[in-house]
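Give me the fold of what follows.
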Amino acid sequence: MAALDEVDKIWPRLTGPEKAQVLQWAARDLGQSFPGIESTPGVSGGEPCIVRTRIPVWILVEGRRQGLNDGELLRAYPTLRAEDLVNAWSFARAHADEIEAQITENEAA
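Now for the predicted structure:
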């Protein structure tokens with residue numbers, strides 16, 4: 001939070017064009033991120049997981065492949081919310097090769 005405090009202090013001193021530049025930087029960085037999905041070294045092997053959980057995205061994708069619908073996945077994983085599945089499907093579409101490799105690796109284990 002210290003970085004946010006610093007931004008809060010300097011924001012009023014920035015000119016309009018400087019604020020626009022900061023927003024462009026933020027938009028560019030956010031375009032590469034997926035809200036609700038995080039990879040943390042040492043947690044689930046560093047695989048992308050749903051935030052607040054240790055549920056890897058690939059497990060949800062595999063469940064869907066096995067015929068589970070979103071409602072069944074939510075019942076199977078009670079800590080999940082519907083928005084978590086939306087985030088997972090978005091991440092899986094953007095990182096299909098990575099997810100496929102994780103599924104293949106798990107099957108081989």
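
Tell me where the model's unsure across the chain.
Within the chain, the segments meeting pLDDT under 70 span 1, 27-32.

now the helices: where do they sit in it?
2-10, 16-30, 57-65, 70-76, 82-94, 96-108 (DSSP state H).

Compute the inter-axis angle for the longest one and helix 2-10.
For helix 16-30 and helix 2-10, the angle between their directions (axes from the mean of the first three to the mean of the last three CA atoms, to 10 degrees) works out to 160 degrees.

Also the fifth one?
Helix 82-94 and helix 2-10 are oriented at 100 degrees to each other (the same axes, to 10 degrees).

Got the domain ranges for this protein?
The chain resolves into domains spanning 1-32, 37-108 when parsed by automatic domain parsing.

For residue 19, which non-adjacent residue is closest in space?
Closest residue to residue 19 apart from its sequence neighbours, by CB to CB, 6 or more residues apart in numbering: residue 11 at 7.3 Å. C-beta: built from backbone N, CA, C; applies to glycine.

how about the residue nearest the centre of the chain, what does it touch?
The residue lying closest to the centre of the chain (CA atoms, centre = their mean) is residue 37, at 1.8 Å. Neighbouring residues of residue 37 by CB atoms under 8 Å, 6 or more residues apart in numbering: 48-51, 57, 87-88, 91.

For ChimeraX, write a command that selects the buried ones of those.
Buried residues within these, by 16 or more other CB atoms under 10 Å, are selected in ChimeraX with:
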select :48,49,50,57,87,88,91
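
which one of the contacts of residue 37 is nearest residue 6?
Nearest to residue 6 among the contacts of residue 37 is residue 51, at 24.8 Å by CB to CB.

pretty sure the closest one contacts residue 36?
Yes. Between residue 51 and residue 36 there is a contact under CB atoms under 8 Å: 5.4 Å.

just the helices of the chain: most buried one?
helix 57-65 (a mean of 20; mean count of other CB atoms under 10 Å).

what helices or strands is it leaning on?
For helix 57-65, the elements it packs on are strand 49-50, helix 70-76, helix 82-94, helix 96-108, judged by 3 or more CB pairs under 8 Å, 6 or more residues apart in numbering; DSSP states H and E.
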